[in-house]
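Student: this is the structure alone, sequence omitted:
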């Protein structure tokens with residue numbers, strides 16, 4: 001069993017999921033508008049399966065998605081981290097915030113921490129983010145953290161943009 005490391009930023013704590021996080025995750029997955037780019041809305045049962053999948057990903061892959069808390073309040077604000085299910089083209093860095101946390105720069109802050117962990121601890125050569133063409137908020141985050149649009153692909157019957165995260169440890173020729 002792999003234990004998720006704890007990452008910290010100025011305003012956030014990124015940690016492994018706990019059973020008590022389920023209700024917050026379900027709130028995100030069940031919201032019809034908010035969950036449109038992450039496969040929702042989901043019923044309680046399907047939210048539970050998605051939650052279990054996030055938790056189990058750490059055991060299967062050795063890395064995964066972090067629960068994200070606001071440092072000052074301890075409030076759960078989202079899920080950000082690594083994701084690589086069976087049919088994905090390559091490992092991804094994904095992010096989803098709760099509605100109440102949107103627009104505060106949390107996604108950018110947390111993704112930067114995850115990118116540092118990705119390239120300096122996990123030693124990945126590269127990483128992508130898959131973003132729906134209509135997901136303007138996520139495209140802005142990708143641009144803010146230096147990801148570059150590469151191409152569009154179909155993944156799980158959905159058209160998505162592939163945004164490549166440059167590895168700061170690699171020189172470009």
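Tutor: That came through fine. Here the structure is a predicted model, which means the values were calculated and not measured. Numbers count the residues shown, from 1 in each chain.
Student: if I look at residue 103, how far off is residue 171?
Tutor: Distance, residue 103 to residue 171, using CB to CB, to the nearest Å: 35 Å. The way it works is simple: take the backbone N, C-alpha and C, and place the C-beta from them, glycine included.
Student: how about residue 149?
Tutor: If you measure residue 149 against residue 171 using CB to CB, the figure is 22 Å.
Student: for the chain, give me the ranges with low pLDDT.
Tutor: Counting by pLDDT under 70, the chain shows low-confidence ranges at 1, 172-173.
Student: redo that, cut-off 80
Tutor: Counting by pLDDT under 80, the chain contains low-confidence residues at 1, 171-173.
Student: so where do the helices sit in it?
Tutor: Listed in chain order, the helices of the chain (DSSP state H) span residues 22-30, 44-61, 106-120, 136-144.
Student: what does the longest one contact?
Tutor: The contact list for helix 44-61, computed with CB atoms under 8 Å, 6 or more residues apart in numbering, reads 1-4, 16-17, 21-22, 25-26, 29-30, 39, 42, 63-65, 79, 82-85.
Student: separation between the residue nearest to residue 62 when sequence neighbours are not counted and residue 15?
Tutor: Taking CB to CB, 6 or more residues apart in numbering, and ignoring the residues beside it in sequence, residue 62 has residue 2 as its nearest neighbour in space, at 5.3 Å. Computed as CB to CB, the residue 2 to residue 15 distance reads 13 Å.
Student: the two - which one has more neighbours?
Tutor: A direct count of neighbours by other CB atoms under 10 Å for residue 2 and residue 15 places residue 15 higher, at 17 against 13.
Student: if I look at that one, how far off is residue 157?
Tutor: According to CB to CB, residue 15 and residue 157 sit 33 Å apart.
Student: quick one: the strands in the chain, in order.
Tutor: According to DSSP state E, the chain carries its strands in the segments 7-8, 12-15, 65-70, 76-83, 92-97, 127-131, 148-155, 158-165.
Student: now for the last one, which elements pack on it?
Tutor: Contacting strand 158-165 under the criterion 3 or more CB pairs under 8 Å, 6 or more residues apart in numbering; DSSP states H and E are the following elements: strand 127-131, helix 136-144, strand 148-155.
Student: tilt between the shortest one and helix 136-144?
Tutor: Translated: strand 127-131. Angular relation of strand 127-131 and helix 136-144 on a 0 to 180 degree scale: 160 degrees, by axes from the mean of the first three to the mean of the last three CA atoms, to 10 degrees.
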